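A.B. asks: I'd like to go over a predicted model; first the sequence, then the structure.
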Amino acid sequence: MAFKLTIIGAGSLTFARTLFTDIMCVPELRGIEVAFTDINPRNLDMVTRLCQRDLEANGIPTKITATADRREALRGARYIVNCVRVGGLEAFETDIDIPLKYGVDQCVGDTRARCCSTIPTPWRC
């Protein structure tokens with residue numbers, strides 16, 4: 001049964017494409033509709049074209065739609081994956097620099113650090 005999955009923040013060339021590839025490795029998910037949305041139209045277009053090329057090269061019948069209009073991307077979605085980076089590159093640098101200040105060379109994808117820098121107070125870690 002086909003359904004729609006929306007990826008918010010799909011303009012990341014590495015993360016979104018890798019996530020999409022992982023999703024397409026699940027045979028039961030082939031043939032679904034995937035909507036990409038991002039605030040950066042240039043990156044969104046690049047990721048969409050690369051993922052479409054991957055689909056065609058592997059004969060996977062998944063349909064990709066891409067739009068900067070988040071509401072349009074969300075319309076009719078059964079599942080939503082939110083992978084936005086709050087704060088842009090400045091926040092990314094902080095995520096790396098603060099742990100390094102204390103001698104911790106951490107992985108870029110550290111969930112707790114992202115949680116603490118993203119969730120508004122009073123829920124902040």
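C.D. replies: Arrived safely.
A.B. asks: three-state assignment of L5?
C.D. replies: Look at L5: counting by DSSP: H, G, I helix; E, B strand; the rest coil, its state is strand.
A.B. asks: Could you give the number of residues near T65?
C.D. replies: Using other CB atoms under 10 Å, T65 has 14 neighbouring residues. Every residue, glycine included, has its C-beta placed from N, CA and C.
A.B. asks: is it true that it touches A35?
C.D. replies: Yes - using CB atoms under 8 Å, T65 is in contact with A35, at 4.9 Å.
A.B. asks: what touches both of these two?
C.D. replies: A73 (CB atoms under 8 Å, 6 or more residues apart in numbering).
A.B. asks: Show me the strands in the chain, by range?
C.D. replies: Counting by DSSP state E, the chain has these strands, from start to end: 4-8, 33-37, 63-67, 79-82.
A.B. asks: distance between the second one and the chain's centre?
C.D. replies: Put simply, strand 33-37 sits 10 Å off its chain's centre (CA atoms, centre = their mean, to the nearest Å).
A.B. asks: Just list what that strand packs against, helices and strands only.
C.D. replies: strand 4-8, helix 15-24, helix 41-58, strand 63-67, helix 70-74 (3 or more CB pairs under 8 Å, 6 or more residues apart in numbering; DSSP states H and E).
A.B. asks: for the third one, same thing?
C.D. replies: Strand 63-67 makes packing contacts with strand 33-37, helix 41-58 when contacts are defined by 3+ CB pairs under 8 Å, 6+ apart.
A.B. asks: Tell me, how many residues neighbour the residue nearest to T21 when sequence neighbours are not counted?
C.D. replies: Leaving aside its sequence neighbours, T21 sits nearest to D54 (CB to CB, 6 or more residues apart in numbering; 6.7 Å). Residues lying near D54 (other CB under 10 Å) number 16.
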